[in-house]
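Student: got a predicted structure plus its sequence, pasted below:
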Amino acid sequence: MLTGKVYLVGAGPGDPGLITVKGMWALEQAQVVVYDRLVDPSQLQAVPDDAELIFVGKARGRQELTQLEINQLLVDKAAQGFTVVRLKGGDPFVFGRGGEEALELKANGLPFEVVPGVTSAIAGPAYAGIPLTHRGISTTFTVVSGSEDPNKPESTIPWDILAKNGGTLVVLMGWKSLETILATLKEEGLPPTTPAALVQWGTWSDQQTVTGNIENILDKGQEAGLTPPVITVIGEVVNLRKDLAWFDKRTLFGKRVLVTRSRSQASRLCTLLEQSGANPVELPTIQISPLDDFSELDTTLERLTDYNWVIFASANAVESVFERLELKGKDARALAGTTVGAIGPATAQALANRGITTDFMPSHPVSEKVIKELSGRDWKGVSVLLPSADIGRHELEKGLAEMGAQVNRLSAYRNVPVAGVSDLAKRAFIDGVDVVTFTSSSTVRNLAEMLDGDLTAIQASFIACIGPVTAATARELGLRVDLEASEHTVEGLVDALTGHFAGGELSRQ
């Protein structure tokens, strides 16, 4: 049997974008991933579907496996020939016990590589607007563990030197022992007025920062309700936060935003929300699925030249149609001589990705406005194909028919509710949701069904809709709509949210 290999990978401090390129590459090769609590779940999406995921983190005071058991697990999996990624928060060699794991692998003759990660000791303060060094203020910094080996007879940290060296001190894993640490530093001569900061969940979307001095910082942290993980920063550089804070100054910072789009479409919206500081909570309420029977779709695509116009209702319709064309050995040339329309910029972009320039795109992707923009043309006898979802509104079809067009609305894919996630929906609201986003009428109806028709939890949140049709559906169900995007795209929805909350607190119409 071939011997496997272990990659000791630093996942970074929390923000999923801070993992290295090589770290992501290792995850893409993994057959087994052994991961800790302080790892963003989104990083695991890079792992192959057939890989084994093993959680070994410590949660709620309970350790899934001891360090010795983790060491043995890595040895066993590598000895069985697997490519193993040991995914650790921060950097594996900075208080990550990665050295112990590497030594165990070496002792068993198993190959390994270390993929360094961005340590929270640097990234946490940086996201709080605190540089560890700054010309004229601090030219050194020291990182220490606030949780030393309990079996050591005495501390090996030179607190007396640290209290007098004038540099920046960073304490990791020191929340439980902070009172003792601060008292020791004061006893060793560090002035009580020395600035200090506590950074909880550094680089995560719910990061919280408290500042003060070593005399009052513990009380301030307790008053703020801080709990581990907390990074402590001590030194004059803390005063720079008032000018350099950036991460927690973003418009949607700290707001939990429910994303109800299908999983395949949610990533763009989630990315935009994260860039604005929000904490997106993915709860797919719809699933884009292939048709059960492709016969009508395939037959229609064989005679595309019979149609004067093909108007795609969505990007999903574009993808579904071209998947079937490609199976038949065809490409964009199948639409040659046909006038191509796209409802919405996302649909136009999907066509552009296929090499097709859109002949018509309405200024507003709402059927009534689309019909108005098309009404200046002579539609008598014009044949129109409308590739769409299997469910949805028929206003465009009816409007074109009333103007004399011969319209064929063609189901290109299915829009189906996601099964078995009712408990997840209820849990999301129990955990707390500040904003609920709806991007289609189906997302509204399906979320209401997931909650067994009880709209109380949704009503307690700020409700934002991508456009008037979605908003109308929400109101029909009895929901209050707080915000309706003027540009009916995910970009427009996020722009509307950031514009609304630029003033600060949640407000409702």
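Tutor: Nice, I can see it. Numbers count the residues shown, from 1 in each chain.

Student: burial count for Gly445?
Tutor: Careful, residue 445 is Arg; it's not Gly. 19 (other Cβ atoms under 10 Å). To be clear about C-beta, it is placed using only N, CA and C from the backbone, and glycine gets the same treatment.

Student: make residue 1 into 891 and carry on from there
Tutor: OK, 891 is where the count begins now, so the last one is Arg1335.

Student: that one looks like it's in a helix, true?
Tutor: Yes: looking at Arg1335 with DSSP: H, G, I helix; E, B strand; the rest coil, it is inside a helix.

Student: element containing the residue lying closest to it once chain neighbours are set aside?
Tutor: Among residues not flanking Arg1335 along the chain, Thr1363 sits closest, at 6.7 Å (Cβ to Cβ, 6 or more residues apart in numbering). Here Thr1363 sits within helix 1358-1366, counting by DSSP states H and E.

Student: re the thing from before, okay, the residue nearest to Arg1335: pLDDT?
Tutor: At Thr1363, the model reports a pLDDT of 94.

Student: residues contacting it?
Tutor: Shown in contact with Thr1363 (Cβ atoms under 8 Å, 6 or more residues apart in numbering): Phe1328, Ser1331, Val1334, Arg1335.

Student: look up how far Asp966 lies from it.
Tutor: To Asp966, Thr1363 is 53 Å away according to Cβ to Cβ, to the nearest Å.

Student: now Glu1003
Tutor: From Glu1003 to Asp966 the distance is 19 Å (Cβ to Cβ).

Student: where exactly do the helices run in the stretch 1141-1290 of the chain?
Tutor: 1153-1165, 1185-1192, 1205-1217, 1235-1243, 1257-1264, 1285-1292 (DSSP state H, counting those that start in this stretch).

Student: among those helices, which is nearest Val1359?
Tutor: helix 1257-1264 (7.6 Å; Cβ to Cβ).

Student: list the buried residues in the closest one.
Tutor: Ser1257, Val1260, Ile1261, Leu1264 (16 or more other Cβ atoms under 10 Å).

Student: give me the average confidence score over that helix.
Tutor: 87.

Student: same question, stretch 1330-1340
Tutor: For stretch 1330-1340, mean pLDDT is 92.

Student: contacts for it?
Tutor: The contact list for stretch 1330-1340 (Cβ under 8 Å, 6+ apart) reads 1150-1151, 1173, 1175-1176, 1281-1283, 1305, 1307-1308, 1311-1312, 1315-1316, 1326, 1328, 1345, 1348, 1355-1356, 1359-1360, 1362-1364, 1367, 1369.

Student: quick check: buried residues in that stretch?
Tutor: Buried-residue list, stretch 1330-1340, by 16+ other Cβ under 10 Å: Ser1330, Ser1331, Ser1332, Thr1333, Val1334, Arg1335, Asn1336, Leu1337, Ala1338, Met1340.

Student: just grab the bridge partners of Leu1276 for me.
Tutor: Taking DSSP bridges as the rule, Leu1276 bridges to Arg1299.

Student: my read: it touches Leu1286, true?
Tutor: Yes: contact criterion Cβ atoms under 8 Å: Leu1276 and Leu1286 qualify, at 6.7 Å.

Student: any residues in contact with both of these two?
Tutor: Joint contacts of Leu1276 and Leu1286 (Cβ under 8 Å, 6+ apart) are Ile1201, Ala1203.

Student: can you add distance to Ala1011 and give the contacts of Thr1363 back as CSV?
Tutor: Rendered in CSV, the data for the contacts of Thr1363 read as follows (distance: Cβ to Cβ, whole Å):
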residue, distance to Ala1011
Phe1328, 41
Ser1331, 48
Val1334, 45
Arg1335, 48
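
Student: that older thread, of all the helices of the stretch 1141-1290 of the chain, which one comes closest to Arg927?
Tutor: Per Cβ to Cβ, nearest to Arg927 of those: helix 1153-1165, 20.3 Å.

Student: quick one on the thing from earlier: for ChimeraX, write the selection for the buried entries among the contacts of stretch 1330-1340.
Tutor: Per 16+ other Cβ under 10 Å, the buried members of the contacts of stretch 1330-1340 correspond to this ChimeraX selection:
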select :1150,1151,1173,1175,1176,1282,1283,1305,1307,1308,1311,1315,1326,1328,1348,1355,1356,1359,1360,1363,1364,1369
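
Student: out of the contacts of stretch 1330-1340, which sit inside strands?
Tutor: In this view, these that belong to strands under DSSP state E are Ile1176, Asn1305, Pro1307, Val1326, Phe1328, Cys1355.

Student: contacting residues for the fourth one?
Tutor: With contacts defined as Cβ under 8 Å, 6+ apart, Val1326 is in contact with Val1147, Leu1148, Thr1150, Leu1337, Ile1348, Ser1351, Phe1352, Ile1353, Ala1354.

Student: near Met1201, how many other residues are there?
Tutor: Slight slip there: residue 1201 is Ile, not Met. For Ile1201, the count of nearby residues is 29 (other Cβ under 10 Å).

Student: hmm, I typed the wrong one, I wanted Lys1139.
Tutor: 9.

Student: what does the one 5 residues further on give?
Tutor: Burial of Gly1144 is recorded as 14 neighbouring residues (other Cβ under 10 Å).

Student: in this structure it contacts Ser1166, no?
Tutor: No: judged on Cβ under 8 Å, Gly1144 makes no contact with Ser1166 at a distance of 11.1 Å.

Student: identify the residue spatially nearest to the residue nearest the centre of the chain, adjacent ones excluded.
Tutor: In the chain, the residue lying closest to the centroid (Cα atoms, centre = their mean) is Cys1160, at 5.0 Å. Closest residue to Cys1160 apart from its sequence neighbours, by Cβ to Cβ, 6+ apart: Pro1170 at 4.2 Å.

Student: show me what the one you found bridges to in the sheet.
Tutor: Val1147.

Student: now do the contacts for it.
Tutor: Pro1170 neighbours (Cβ under 8 Å, 6+ apart): Val1147, Val1149, Ala1156, Leu1159, Cys1160, Leu1163, Glu1164.

Student: which of these scores worst on pLDDT?
Tutor: For the contacts of Pro1170, the pLDDT minimum is Ala1156, 79.

Student: next, count neighbours for that one.
Tutor: Using other Cβ under 10 Å, the number of residues around Ala1156 comes to 19.

Student: how far away is it from Glu1126?
Tutor: Distance from Ala1156 to Glu1126, by Cβ to Cβ: 44 Å.

Student: low-confidence ranges, the stretch 1141-1290 of the chain, go.
Tutor: Of all residues in the stretch 1141-1290 of the chain, none has pLDDT under 70.

Student: run through who's touching stretch 1271-1291.
Tutor: Outside stretch 1271-1291, the residues touching it (Cβ under 8 Å, 6+ apart) are 1181, 1190, 1194, 1196-1204, 1206-1208, 1210-1211, 1233, 1257-1258, 1260-1261, 1264, 1269, 1294-1305, 1331-1332, 1359.
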